[in-house]
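**Student:** My questions concern the predicted model and sequence given below.
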Amino acid sequence: MCGIVGYIGKRDVAPLLLEGLQRLEYRGYDSAGIAIHGKSGGLKTAKAKGRVRELETRLPKRFAGTTGIAHTRWATHGAPTDANAHPHLDAEGKVAVVHNGIIDNADELRAKLTADGVEFASETDTEILAHLIGRSQADKLEDKVRQALRLIEGTYGIAVLHADFADRIVVARNGSPVVLGIGEHEMFVSSDVAALVSHTRQVVTLDDGEMATLKADDYRTYTTEGSRTSASPTTVEWEAESYDMGGHDTYMHKEISEQADAVDRVLRGRIDDRFSTVRLGGLNLDAREARGVRRVKILGCGSAYHAGQIGAQMIEELARIPADAEPASEFRYRNAVVDPDTLYIAVSQSGETYDTLAAVQELKRKGARVLGVVNVVGSAIARETDGGVYVHAGPEVCVVSTKCFTNTAVAFALLALHLGRIRDLSVADGKRIIAGLRRLPEQIAEVLRGEEEIKKLAAEYADAKSMMFVGRVRGYPVAREASLKLKEVSYVHAEAYPASELKHGPLALIEPAVPTVAIVPDDDLLEKNRATLEEIKARSGRILAVAHQEQEKADDTIVVPKNEVELDPILMGIPLQLLAYHSALALGRDIDKPRNLAKSVTVE
């Protein structure tokens with residue numbers, strides 16, 4: 001989850017590294033640090049607990065150099081402290097390492113090094129790497145790093161400086177992203193292109209088991225075994241301005257407000273009116289193969305999992321294929337039966353989510369066909385899968401997902417329509433869904449125009465210590481995602497249940513102090529949902545309904561525009577993003593960087 005940035009060239013490195021860290025702070029913000037090759041020789045470091053701005057205030061006035069690495073941390077091994085902040089040094093202070101990931105055999109290696117007389121300055125697993133590299137007798141820095149990595153079990157994205165090799169940075173990847181930025185007589189490295197795009201849009205993404213050496217005028221890539229690899233630069237899709245706040249107070253608000261345009265992007269160029277279907281050329285799944293699919297299993301974590309639940313519902317309704325979603329973090333450990341007639345779909349905003357990536361790798365090992373639904377072009381999941389759909393939401397910087405969740409749900413609607421039209425979905429239904437998809441951007445804009453009313457409601461409900469979210473069938477994944485959003489960004493305890501399950505236990509929690517948010521679409525379950533509202537009111541529960549019309553039994557109703565029943569969940573989630581946002585604002589939370597969380601979960 002942490003952020004890495006590095007530079008080698010002719011420019012003063014400290015300001016560049018600080019700028020990169022600020023762009024990566026959404027990946028981790030417990031502590032930060034910098035190591036540079038000093039102009040007079042040797043390594044210089046500065047570290048600080050807290051945000052990047054704390055590090056900036058601690059930098060010595062004479063902290064000049066043209067080569068350096070930096071890190072912003074999300075704590076795993078050891079509490080957020082100055083000592084535990086990266087970079088970590090070896091005993092002689094010649095080696096500096098920044099590291100994303102987790103070393104699984106850290107305890108064993110630490111014990112061996114301690115027995116050999118090594119004194120550790122931190123509680124981190126990363127410091128082990130610095131000592132292993134420093135103790136290597138190899139002549140080249142690349143070989144020193146390679147020898148150390150052979151002893152490591154676990155995941156890593158690393159960047160290494162050595163006082164005796166001032167002309168290079170050595171980096172390596174296994175399970176945690178590493179991206180090289182190719183400039184003019186300068187090179188960059190980062191764990192995310194966000195830190196690179198203001199300087200270069202030419203990037204090389206390392207694969208697992210791959211290393212690279214960066215010098216000011218060139219780079220080379222090779223495997224951890226030493227074999228050369230050929231890695232050609234690709235062009236980043238987004239400009240640097242896409243990562244700016246754009247006049248909004250927070251990234252979350254900016255990204256919520258961008259959803260109409262984002263949905264327009266995911267639809268653009270994909271609708272095929274002639275055959276009442278869509279074109280998804282990246283699927284690499286022909287009509288015969290699609291007709292042979294007997295089941296669809298969708299895997300994701302957090303919001304991606306909830307988007308997968310919406311997707312599974314749409315695939316069942318439109319394509320009439322049994323479909324379900326499961327947390328990738330559970331699937332990869334339960335020794336699931338892998339069926340050759342099942343189509344597996346991995347969902348991830350970053351395309352680097354470790355649990356999801358590991359599930360993909362296990363499925364591929366067992367011969368399954370796996371598609372990806374991801375936002376980041378060229379990410380690990382995009383490269384590992386057999387094909388897929390890019391959601392084109394654009395950069396999402398806020399830790400909690402909003403526009404990417406919505407675009408992922410729309411991407412699933414496209415996939416469901418594609419599979420349905422190959423199978424038994426009629427032309428008339430295809431036209432109906434296409435018309436509904438085309439209405440989405442303007443309807444999203446209509447929902448967003450009601451923000452002031454939602455802000456008032458958030459102020460009324462923000463003092464609740466706990467909230468219940470309920471929905472039936474199509475509404476249940478919406479309730480789950482809305483509950484997650486409120487927890488993530490406002491820290492208000494919230495639970496989501498199928499509305500039909502209330503009477504089977506959760507009804508015991510209903511009281512005036514526990515408001516319920518009810519998803520009440522105008523569909524064939526409308527009367528049953530209204531009966532649920534009756535049950536809650538009979539127990540003096542307070543109700544906020546999200547519906548297509550005012551609900552008599554609700555204390556308050558957020559009315560959203562009506563679309564096709566299959567697409568309604570996409571719209572009904574958006575006002576609840578605003579509810580979470582304004583609840584957090586009313587409570588004074590750090591909205592873009594909620595406590596204990598980071599954006600890209602590249603560790604278990």
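**Tutor:** Received, thanks.
**Student:** Between the two ends of stretch 515-531, how far is it?
**Tutor:** This stretch, stretch 515-531, spans 17 Å end to end (Cα to Cα, to the nearest Å).
**Student:** which residues are contacting that stretch?
**Tutor:** By Cβ atoms under 8 Å, 6 or more residues apart in numbering, the list of residues contacting stretch 515-531 from outside reads 461, 464, 467-476, 478-479, 482, 499-500, 510, 532-533, 536, 541-549, 551, 553-554, 562, 565, 568-569, 572, 576, 579. C-beta here means a position set from N, CA and C on the backbone, and glycine is covered the same way.
**Student:** Now with 7 Å, please.
**Tutor:** For stretch 515-531, the external contacting residues (Cβ atoms under 7 Å, 6 or more residues apart in numbering) are 461, 464, 467-475, 478-479, 482, 499, 510, 532-533, 536, 541-549, 551, 553-554, 562, 565, 568, 572, 576.
**Student:** hmm, which of these are the buried ones?
**Tutor:** The neighbour count (16 or more other Cβ atoms under 10 Å) marks 461, 464, 467-475, 478-479, 482, 499, 510, 532-533, 536, 541-548, 551, 553-554, 562, 568, 572, 576 as buried among the contacts of stretch 515-531.
**Student:** Inside helices: which ones of the contacts of stretch 515-531?
**Tutor:** 461, 475, 478, 479, 482, 532, 533, 536, 568, 572, 576 (DSSP state H).
**Student:** mind checking the longest helix of the protein?
**Tutor:** Across the chain, the longest stretch assigned as helix under DSSP H is helix 427-448.
**Student:** What about residue 408, how many residues nearby?
**Tutor:** Counted with other Cβ atoms under 10 Å, residues neighbouring residue 408 total 30.
**Student:** what about it, which SS state?
**Tutor:** Under the three-state scheme (DSSP: H, G, I helix; E, B strand; the rest coil), residue 408 adopts helix.
**Student:** Could you find the closest non-adjacent residue to residue 570?
**Tutor:** Distances taken as Cβ to Cβ, 6 or more residues apart in numbering place residue 409 nearest to residue 570, at 4.9 Å, with adjacent residues excluded.
**Student:** list the contacts for that neighbour?
**Tutor:** 307, 310, 311, 569, 570.
**Student:** Just among these, which is most surrounded?
**Tutor:** residue 307 (32 neighbours).
**Student:** Was I right to think it contacts residue 405?
**Tutor:** Yes - counting by Cβ atoms under 7 Å, residue 307 touches residue 405, with 5.4 Å between them.
**Student:** which residues are in contact with both of the two?
**Tutor:** Common neighbours of residue 307 and residue 405, counting by Cβ under 7 Å, 6+ apart, are absent.
**Student:** any low-confidence regions in this structure?
**Tutor:** Residue ranges of the chain with pLDDT under 70: 1, 26-28, 598-604.
**Student:** sorry, back to before: residue 137: which of the ones in helices among the contacts of stretch 515-531 is nearest?
**Tutor:** For the ones in helices among the contacts of stretch 515-531, the residue nearest residue 137 by Cβ to Cβ is residue 482; the value is 57.5 Å.
**Student:** List the single closest residue to the closest one in space, sequence neighbours excluded.
**Tutor:** If you skip the residues right next to it in sequence, residue 482 has residue 576 as its closest partner in space, 3.7 Å away by Cβ to Cβ, 6+ apart.
**Student:** residue contacts, the one you found?
**Tutor:** Under the criterion of Cβ under 7 Å, 6+ apart, the neighbours of residue 576 are 482, 485, 517, 546.
**Student:** Spatially, which two of the residues you listed are the most separated?
**Tutor:** Of all pairs in the contacts of residue 576, the most separated under Cβ to Cβ is 485 and 546 at 12.9 Å.
**Student:** what sits against residue 124?
**Tutor:** Going by Cβ under 7 Å, 6+ apart, residue 124 touches 77, 78, 84, 88.
**Student:** go with 6 Å
**Tutor:** Counting by Cβ atoms under 6 Å, 6 or more residues apart in numbering, residue 124 touches 77, 78, 84.
**Student:** for the nearest residue to the last one once chain neighbours are set aside, helix, strand, or coil?
**Tutor:** To tie it back to what came earlier, the one meant is residue 84. Closest residue to residue 84 apart from its sequence neighbours, by Cβ to Cβ, 6+ apart: residue 78 at 4.0 Å. Following three-state DSSP, residue 78 is assigned to coil.
**Student:** okay, now residue 78: neighbour count?
**Tutor:** When counting by other Cβ under 10 Å, one arrives at 18 neighbours for residue 78.
**Student:** what's the answer for residue 374, then?
**Tutor:** Using other Cβ under 10 Å, residue 374 is surrounded by 30 other residues.
**Student:** Same question for residue 436.
**Tutor:** 21.
**Student:** mind checking how far it is from residue 544?
**Tutor:** Taking Cβ to Cβ, to the nearest Å as the measure, residue 436 and residue 544 are separated by 26 Å.
**Student:** same check, this time on residue 357
**Tutor:** Counting by Cβ to Cβ, the gap from residue 357 to residue 544 is 37 Å.
**Student:** Likewise for residue 222?
**Tutor:** Between residue 222 and residue 544 the computed distance is 57 Å (Cβ to Cβ).
**Student:** go on, residue 280?
**Tutor:** Relative to residue 544, and taking Cβ to Cβ, residue 280 is found at 37 Å.
**Student:** Buried residues in stretch 74-82, which are they?
**Tutor:** For stretch 74-82, burial by neighbour count (16+ other Cβ under 10 Å) applies to 74, 75, 76, 77, 78, 81, 82.
**Student:** how about the fourth one, what does it touch?
**Tutor:** Meaning residue 77. Residue 77 is in contact with 123, 124, 125, counting by Cβ under 6 Å, 6+ apart.
**Student:** and the first one, backbone torsions?
**Tutor:** The one in question is residue 123. Dihedral angles of residue 123 (phi, psi; degrees, to the nearest 10) stand at phi -90, psi 0.
**Student:** I'd guessed it sits against residue 79; true?
**Tutor:** No - at 7.4 Å, residue 123 and residue 79 do not qualify as touching, with contact defined as Cβ atoms under 6 Å.
**Student:** so what sits against both of these two?
**Tutor:** In terms of Cβ under 6 Å, 6+ apart, residue 123 and residue 79 are not both contacted by any residue.
**Student:** Buried ones in stretch 582-599, by neighbour count?
**Tutor:** For stretch 582-599, by 16+ other Cβ under 10 Å, it's 582-586, 589, 591-594, 597-599.
**Student:** Residue 263 touches residue 411, doesn't it?
**Tutor:** No - using Cβ under 6 Å, residue 263 makes no contact with residue 411, being 9.9 Å away.
**Student:** what's around residue 142, how many residues?
**Tutor:** When neighbours are counted by other Cβ under 10 Å, residue 142 registers 21.
**Student:** Identify the element of secondary structure that it sits within.
**Tutor:** If you go by DSSP states H and E, residue 142 is part of helix 141-150.
**Student:** okay, the buried residues of stretch 74-82 in a markdown table with distance to residue 254 next?
**Tutor:** Below are the buried residues of stretch 74-82 laid out as a markdown table (distance: Cβ to Cβ, whole Å):
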| residue | distance to residue 254 |
| --- | --- |
| 74 | 22 |
| 75 | 27 |
| 76 | 29 |
| 77 | 34 |
| 78 | 34 |
| 81 | 33 |
| 82 | 33 |
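**Student:** Looking at those residues, which two lie furthest apart in space?
**Tutor:** Spatial extent of the buried residues of stretch 74-82 (Cβ to Cβ) is set by the pair 76 and 82 at 16.8 Å.
**Student:** now the strand or helix carrying residue 418 against helix 427-448, angle please.
**Tutor:** Assigned by DSSP H and E, residue 418 belongs to helix 403-422. Between the axis of helix 403-422 and that of helix 427-448 there is an angle of 170 degrees, by axes from the mean of the first three to the mean of the last three Cα atoms, to 10 degrees.
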